[in-house]
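> Structure, please.
(one chain, ligands or ions: 1)
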Amino acid sequence: MTYHVTLITGDGTGPELAQQIRRCVDATGVDIAWDPQEAGVDVYAREGTPLPQRVLDSVRKNKVAIKAPITTPVGTGFRSVNVALRKELDLYQCIRPVKSYKGVRSRFENIDLVIFRENTDDLYVGVEFEQAKPETLELILKIQELNSDGKVIRQDSGLSIKPISIFRTERIVRAAFEYARSHGRKKVTAVHKANIMKFTDGLFLATAREVAKRYPDIAFEDRIVDNMCMQLVQKPELYDVLVLPNLYGDIISDLCAGLIGGLGIAPGANIGDKYAVFEAVHGSAPKYAGMNKVNPTAVILSAVLMLEHLGEKDAARRLESAVAGVIAEGKRVTYDLKQDRDDPTAVGTKEMADAIIARLRKTR
Ligand code: NAD
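So this is what the prediction gives:
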């Protein structure tokens, strides 16, 4: 069987990582007809849009995509292509397994938890009002009329709107419980700041509690996000499946990547009812662009998740164990996986992928 998959090549270190994704997946023997598509800063410079319509058309046609990272300018410039893809394709589940691999320099061993980040609600909807624009001032006046505490917002403020809906919370929490049930996991923890944001995070928590009642076989608890950060760095072994609104999910994902040795090894999947786009947790690491330096593990493990999604469980297992084998051996790995980051024996992105492919070939 031939699978049609869109390969979004990204920018910064994206293109060099995309090449290794393709080589490693092809080496599993699974037949993929790749449809490479460019998105990000380079296309923006040429075409005036970072996400041409043809990229979305390709993902809609193929239903499955794997994406190398894409830069989002900070503070100014175009809005995030990553967020736009998730919104356009309604990829509401962001699933990020957090798993220890033997041989990785880290404070912890045996971490095995899964993050379910809501991907379409919250401050990421991008409804923002610029400081000192007439519509911002109008909105501030309206909010102050409604607020019995009087003038709580200064007129020189920018404003961002944080929507949290029952519909979007329900479907992500349900997805987390369904995953827990089908993957033999025991507990779901909802993360929030409902003590402060009573109408948004409060709604998230109340909705999560309602959904949890339908899954009496899975334990449920909740944690306030700041406490959750502390708990995760002190005793991560207490957690199993975490479900979070968009912003906390984004932040906790990087915290959890830190628990298992860094962004270089943290994979992810964005899944909706119709489409799926796989990508690493990390960004485009532009300072290393074109240097053949960054770790390809996170994107290759994202490809493992893609193979599982396609139903190619054996290929997924073989690719993951080839990655784990190369890391455990610790010889042909990138700088971030060496005990000493300046270790001159560290290899490049392509050479680490070569080592993974060589191991994989032995298992075919
Ligand atoms: P980043 O994840 O790109 O890099 C942060 C640091 O983490 C790097 O400097 C590097 O030290 C390390 N790192 C990241 N990936 C690594 C890898 N594969 N191997 C080894 N080390 C790695 O985060 P940033 O610098 O905050 O963001 C850069 C750009 O990427 C920004 O424009 C941001 O918006 C974008 N971004 C994109 C995505 C995405 O495409 N889904 C996700 C996060 C950030």
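> how about the nearest residue to the residue of the chain at minimum distance from the ligand, chain neighbours excluded?
As assessed by Cβ to the nearest ligand atom, the ligand sits closest to residue 283 within the chain, at 2.3 Å. From N, CA and C alone the C-beta is placed, and that goes for glycine too. Residue nearest to residue 283 in three dimensions, not counting chain neighbours: residue 69, with 5.0 Å by Cβ to Cβ, 6 or more residues apart in numbering.
> Would you check that my belief about the residue of the chain closest to the ligand contacting residue 67 is correct?
No - Residue 283 lies out of contact with residue 67 (Cβ atoms under 8 Å); the separation is 11.7 Å.
> what about these two, which has more around it?
Each of residue 283 and residue 67 has its neighbours counted (other Cβ atoms under 10 Å); residue 67 has more, 30 against 18.
> and the more buried one, backbone torsions?
phi -130, psi 130 (degrees, to the nearest 10).
> Just confirm it contacts residue 85, I think it does.
Yes - judged on Cβ under 8 Å, residue 67 makes contact with residue 85 at a distance of 7.4 Å.
> between those two, what contacts are shared?
residue 277 (Cβ atoms under 8 Å, 6 or more residues apart in numbering).
> so residue 117 is in which element?
Assessed by DSSP states H and E, residue 117 sits inside strand 112-118.
> and residue 357, how many neighbours does it have?
Counted with other Cβ under 10 Å, residue 357 comes out at 19.
> just residue 179 next, same as before
When neighbours are counted by other Cβ under 10 Å, residue 179 comes out with 18.
> what residues does the helix or strand containing it touch?
Element membership for residue 179 (DSSP H and E) is helix 166-182. Under the criterion Cβ under 8 Å, 6+ apart, residues 92-93, 95, 114, 116-121, 185-188, 190, 203-204, 207-208, 210-212, 214-215, 217-218, 240-241, 243, 245, 271 lie in contact with helix 166-182.
> switch the cut-off to 7 Å
For helix 166-182, contacts defined as Cβ atoms under 7 Å, 6 or more residues apart in numbering pick out 92-93, 114, 116, 118, 120-121, 188, 190, 203-204, 207-208, 211, 215, 217-218, 241, 243.
> In helices, which of the residues you listed fall?
203, 204, 207, 208, 211 (DSSP state H).
> In CSV, list those along with distance to the ligand, pLDDT and neighbour count.
Shown next, in CSV, are the ones in helices among the contacts of helix 166-182 (distance: Cβ to the nearest ligand atom, whole Å; pLDDT from 0 to 100; neighbours: other Cβ atoms under 10 Å):
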residue, distance to the ligand, pLDDT, neighbour count
203, 27, 98, 19
204, 23, 98, 31
207, 27, 98, 21
208, 25, 98, 25
211, 27, 98, 21
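> among those, which two are most distant?
Using Cβ to Cβ, the ones in helices among the contacts of helix 166-182 reach their maximum pairwise distance at 203 and 211, which is 12.5 Å.
> How is the protein partitioned into domains?
1-99+264-364, 107-115+164-259, 127-160 (automatic domain parsing).
> Span of the shortest one from start to end?
This stretch, domain 127-160, spans 6 Å end to end (Cα to Cα, to the nearest Å).
> pLDDT score assigned to the residue nearest to residue 225 when sequence neighbours are not counted?
In this structure, residue 225 finds its nearest non-sequential neighbour in residue 248, 4.8 Å apart by Cβ to Cβ, 6+ apart. Residue 248 is assigned 98 on the pLDDT scale.
> Check the gap between the closest residue to residue 281 other than its chain neighbours and residue 152 for me.
Once flanking residues are discounted, residue 281 sits nearest to residue 266: 4.0 Å by Cβ to Cβ, 6+ apart. Relative to residue 152, residue 266 is positioned 39 Å away (Cβ to Cβ, to the nearest Å).
> what's the angle between the helix holding residue 179 and strand 112-118?
160 degrees (axes from the mean of the first three to the mean of the last three Cα atoms, to 10 degrees).
> Quick check: buried residues in helix 166-182?
168, 169, 171, 172, 173, 174, 175, 176, 177, 179, 180 (16 or more other Cβ atoms under 10 Å).
> again with stretch 31-48
Applying 16+ other Cβ under 10 Å to stretch 31-48 flags 32, 34, 35, 37, 38, 39, 40, 41, 42, 43, 44 as buried.
> ok, the closest residue to the last one other than its chain neighbours - contacts?
The reference is to residue 44. Nearest residue to residue 44 in three dimensions, chain neighbours excluded: residue 50, at 4.1 Å (Cβ to Cβ, 6+ apart). Residues counted as contacts of residue 50 (Cβ under 7 Å, 6+ apart) are 39, 40, 41, 43, 44, 78, 81.
> just residue 67 next, same as before
Residue 67 makes contacts with 8, 10, 277, 278, 279, as judged by Cβ under 7 Å, 6+ apart.
> Brilliant, that's me finished.
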